[in-house]
Structure formats: C-alpha cells, structure tokens
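Visitor: Fold the stuff below for me.
(one chain, ligands or ions: 3)
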Amino acid sequence: MTILTIFASSTQEIPEAPAVPRHIAVIMDGNGRWARKRLMPRVMGHQRGVETVRNMVRYCIELGVEYLTLFAFSSENWRRPVDEVSFLMKLFAEALKREVVKLHENDIRLMVVGDRSRFDASLIQAIDAAEKLTAHNRKLTLTIAANYGGRWDILQAVRRLLEVHPEKAGNFTEQDLASHLSMAYAPEPDLFIRTGGEQRISNFLLWQLAYTELYFTDTLWPDFDRRAFNRAIESYQRRERRFGRTSEQLNPHV
Ligand code: IPE
Ligand code: IPE
Ligand code: MG
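Guide: Ligands and ions are numbered 1, 2, ... in the order given. The predicted model follows:
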C-alpha cells in the first residue's frame, strides 16, 4: 500500500517558508572543468564529485534538511562521448553498491527518479533493492535524479494520470497532475543550488521549481565544501519569499 502525502502546492496555496530549507535540489555541475584545470581526464572530476555528495549529505543532516535531491545524469547527458557515459553509469552502480548500507545505518531513505528503461538490468535491480531496503528511513530523503528530465517527468505524469483516470482527460487539476510526478513524495524544493557557474535549469525539476529560491555559484562541484554550502544557506535565508504577495503584506508593521 502506498501512502500518498499531499504537499502544499506553491501555486494553489501559500506554502511555509522555513528558515532551514526542507528540500534542497542541486545541479552538481563543473566536474569536468575541475579535472581539466588539473590536467586530469574529465572522469576524475566525476570521481571527486562523489566525495562532495557524501559531504553534502552530512551537511544536510546536520542542518536538519529533510529532502536532498541531486541531479546526477540528465536525459540529455547521453549526448556525451560513449566512454564518459559508461564511466558515469559504472560510477553510479559502484557508489550505490558501496554506500547503500551506510545510508541505511544513517536512517537515510534513498530514492532514484528518472527513466530507468535505458539502464542495465543489474543497475535497475540495485536501485530497486536500495530503495526497498531504505524505504522506511526518516532522517533524510536523498533523491538521485538519473536519466531524469523535467519534460519527461511532466509527460510521464500526464500519461499515468490518464491511464488511471481516463475520465479526467480535458479536466484534470494541478493537484491531479502533481500527484503523478516522480517526486510526489516530497515537498517542492525551497532552495535550488547550481554549482559550476552556468545559470540555467538544464531540464531539471521544471514543474517543482515554480517558486524555489535559485542560487548559482561559480564554485565547481568537487570544490563545494561546507563554507560554500553555508554561503548558499545564508543567501537563502536573506530572501523574502513572497509567493506573489507584496512585501508590505508580509511585514504589515514595518
Ligand atoms: C556535472 O559535471 C556532472 C554531470 C553532468 C554528470 P560536468 O561533467 O557537466 O562538468 P563540466 O560542466 O563539463 O565542467
Ligand atoms: C546538468 O549539467 C546535468 C547534471 C548535472 C546531471 P550539464 O553540464 O549536463 O548541463 P548543460 O549541458 O551545461 O546545460
Ligand atoms: Mg556541465
């Protein structure tokens, strides 16, 4: 049995704006450039990037973040050289195998979102097993977006909704659709971080980022340390999250 929690939708109601973000979503960018700066092959940057993932999980737990979502491989990353793609797949499979017990011991629930159909059978099996093992953990939900694309997510949600409720064709609500998105188990992200200097969304969580605070930093992902993380949090904490209202409505006595 699945228990579906309905979280506040930022366009349908005014969600809370917690001082500590409940949900942080990250585009981990800059691995290749980090390696090239050191005259190393790009893939060494990906390897170092895994270290940053481990640290990031720790920072989030210490701060009390409930959901951490990391973009590991986009639906467009298949366009990269074959060798780099297979290295990334291998790295993902190895990290999964190595880390899953530690995640479980630390009360972390692991979820993987994205189109799994292009993955090897053994990787699909490892993902299923990891999700099942950690399903009831509560300290942090760590989501890895792998072969994920925001447009894919919206499309698959529409398809699934119409499969379950064909009578809703033509008159379904935002909530109907949102409940079929691949991250329906999480609130919308409060904070989005992109490392590596680019200021774009690159087909990440298109629907869910509607009212997320966006933070871009030039720091390359392998260099994203505690200080860099704290800077992102401090930036978030200085934002006024109005969700369409005026500043005066939020601060009536100023
Ligand atoms: C992000 O780093 C990791 C993935 C997309 C898998 P990049 O590999 O994009 O690094 P740059 O942007 O080339 O430096
Ligand atoms: C976005 O990074 C995807 C991931 C971090 C997994 P890219 O490096 O692939 O993005 P673009 O191509 O520069 O937009
Ligand atoms: Mg990149």
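
Visitor: For the residue in the stretch 151-254 of the chain that ligand 1 sits nearest to, give me its contacts.
Guide: Ranked by C-beta to the nearest ligand atom, the top residue of the stretch 151-254 of the chain for proximity to ligand 1 is Gly196, at 5.2 Å. Yep, even glycine has a C-beta here, placed from its N, CA and C like the rest. When contacts are counted by C-beta atoms under 8 Å, 6 or more residues apart in numbering, Gly196 is found next to 27, 29-30, 33, 218-221.

Visitor: Check Gln47 too.
Guide: Counting by C-beta under 8 Å, 6+ apart, Gln47 has contacts Leu91.

Visitor: tell me the SS of the closest residue to ligand 1 within the chain?
Guide: Here the chain gets closest to ligand 1 at one residue, Gly32, 2.8 Å apart by C-beta to the nearest ligand atom. Following DSSP: H, G, I helix; E, B strand; the rest coil, Gly32 is assigned to helix.

Visitor: Give me the pLDDT value at the residue nearest to it when sequence neighbours are not counted.
Guide: Spatially, and ignoring its direct neighbours in sequence, Gly32 is nearest to Arg42 (4.0 Å; C-beta to C-beta, 6 or more residues apart in numbering). On the pLDDT scale, Arg42 is placed at 98.

Visitor: right, and Arg42 touches Gly49 too?
Guide: No: using C-beta atoms under 8 Å, Arg42 is not in contact with Gly49, being 10.8 Å away.

Visitor: With neighbour numbers in mind, choose between the two.
Guide: Between Arg42 and Gly49, Gly49 has the larger neighbour count (other C-beta atoms under 10 Å), namely 25 against 17.

Visitor: and the stretch 51-200 of the chain, which residues reach ligand 1?
Guide: The stretch 51-200 of the chain comes close to ligand 1 at residues 73, 77, 88, 196, as judged by C-beta under 6 Å from any ligand atom.

Visitor: so who does Lys139 touch?
Guide: Shown in contact with Lys139 (C-beta under 8 Å, 6+ apart): 61, 106-108.

Visitor: and the gap between it and Val65?
Guide: Using C-beta to C-beta, to the nearest Å, one gets 10 Å for the distance from Lys139 to Val65.

Visitor: Give the residues shared as contacts by the two.
Guide: With C-beta under 8 Å, 6+ apart, Lys139 and Val65 have no common neighbours.

Visitor: on that earlier part again, using neighbour counts, trim the contacts of Lys139 to the buried set.
Guide: Among the contacts of Lys139, the ones that count as buried by 16 or more other C-beta atoms under 10 Å are 61, 106, 108.

Visitor: for ligand 2, what are the nearby residues on the chain?
Guide: So far as C-beta under 6 Å from any ligand atom goes, the chain lies against ligand 2 at 27-29, 71-74, 77, 198, 200, 202.

Visitor: Can you pick out the ones from those residues that are in helices?
Guide: Using DSSP state H, no member of these falls in helices.

Visitor: In PyMOL, select just the buried ones from those.
Guide: Here is the PyMOL selection string for the buried members of the residues of the chain next to ligand 2, based on 16+ other C-beta under 10 Å:
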select buried, resi 27+28+29+71+72+73+74+77
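
Visitor: what's the closest of the residues of the chain next to ligand 2 to Arg245?
Guide: Arg200 (27.5 Å; C-beta to C-beta).
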